[in-house]
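Peer 1: Coordinates only, no sequence provided:
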Ligand code: PGA
């Protein structure tokens, strides 16, 4: 069985250029933070930088480059799309899918994300599956139902051994890029709920082995507290991952 990991994942989104990407990666890696076997650091970089970033990283223990998206189609006439097979062929091991920005601006559905999950797993790439509710649903106290449906519709067709290959990122949309983090209690509550939803379908043991990251305004000064919650296994970090010294501190905040 795969071990539950503590993960600091940088989501660079559509920021910077090749030179800035190289400098940012260099600045973080120069810190030479040693990771234990159950700690992982991931940089989700824009497509054009995947190959050079992967070369730059080398074989540093438990450091990986990720893509930020992939196509829900295996191959064919889909101009501008990038397939899971292409990612595999350049040795990419992780891929974010279902980020709320993709769901909102590119109309991605839970069903499409299930297709992406299948293609990624087929190509031995770990999906980082994002879920999370918008503000109006949180205000109406509908967050549990909303997130449960996202998880069920995109993941519950998987056999248990495949589910264990998926990393989940809970990202309340109202906390993304707003500087307004969920409280540690709110994050813990939702993470425990997601684990209970998985337990109902796959059993407690499987549920306890899935890594669930928190995302939404994770910063150097709040990562330690949020990552300290028992069901939070690290974070998916946007804005603060673009500043080397902040992301370094976030990596250092991972549980052992
Ligand atoms: P943020 O973004 O850290 O800038 O809020 C998180 C994310 O969108 O993954």
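Peer 2: The structure has been received and is ready for your questions. Nothing here was measured: the structure is a model prediction, and the numbers come from that model. Numbering: from 1, shown residues only.

Peer 1: Tell me the helix or strand right after the one helix or strand residue 96 maps to.
Peer 2: In this structure, residue 96 is located in strand 94-97 according to DSSP states H and E. Using DSSP H and E, the helix or strand that follows strand 94-97 in sequence is helix 100-105.

Peer 1: For the residue lying closest to residue 143 once chain neighbours are set aside, grab the count of nearby residues.
Peer 2: With sequence-adjacent residues excluded and distances taken as C-beta to C-beta, 6 or more residues apart in numbering, residue 143 is closest to residue 133, at 4.2 Å. Just so you know, the C-beta spots here come from the backbone N, C-alpha and C atoms, and that holds for glycine as well. Look at residue 133: counted by other C-beta atoms under 10 Å, it has 23 neighbours.

Peer 1: Looks to me like residue 133 is in a strand.
Peer 2: No. Counting by DSSP: H, G, I helix; E, B strand; the rest coil, residue 133 is not part of a strand but coil.

Peer 1: Read off the pLDDT value for the closest residue to the ligand within the stretch 1-150 of the chain.
Peer 2: As assessed by C-beta to the nearest ligand atom, the ligand sits closest to residue 11 within the stretch 1-150 of the chain, at 4.2 Å. pLDDT recorded at residue 11 is 98.

Peer 1: swap in residue 121?
Peer 2: 98.

Peer 1: Touching, it and residue 161? I think so.
Peer 2: No. Using C-beta atoms under 8 Å, residue 121 is not in contact with residue 161, being 10.0 Å away.

Peer 1: more crowded one of the two?
Peer 2: Ranked by neighbour count (other C-beta under 10 Å), residue 121 and residue 161 place residue 121 first, with 17 against 10.

Peer 1: Contact partners for the more buried one?
Peer 2: If a contact means C-beta atoms under 8 Å, 6 or more residues apart in numbering, then residue 121 has 127, 158, 162, 165-166 as its contacts.

Peer 1: Over to residue 191?
Peer 2: Residue 191 neighbours (C-beta under 8 Å, 6+ apart): 170, 212, 214, 229, 231-232.

Peer 1: So it versus residue 233, what's the distance?
Peer 2: 8 Å (C-beta to C-beta, to the nearest Å).

Peer 1: Thank you kindly, that will do.
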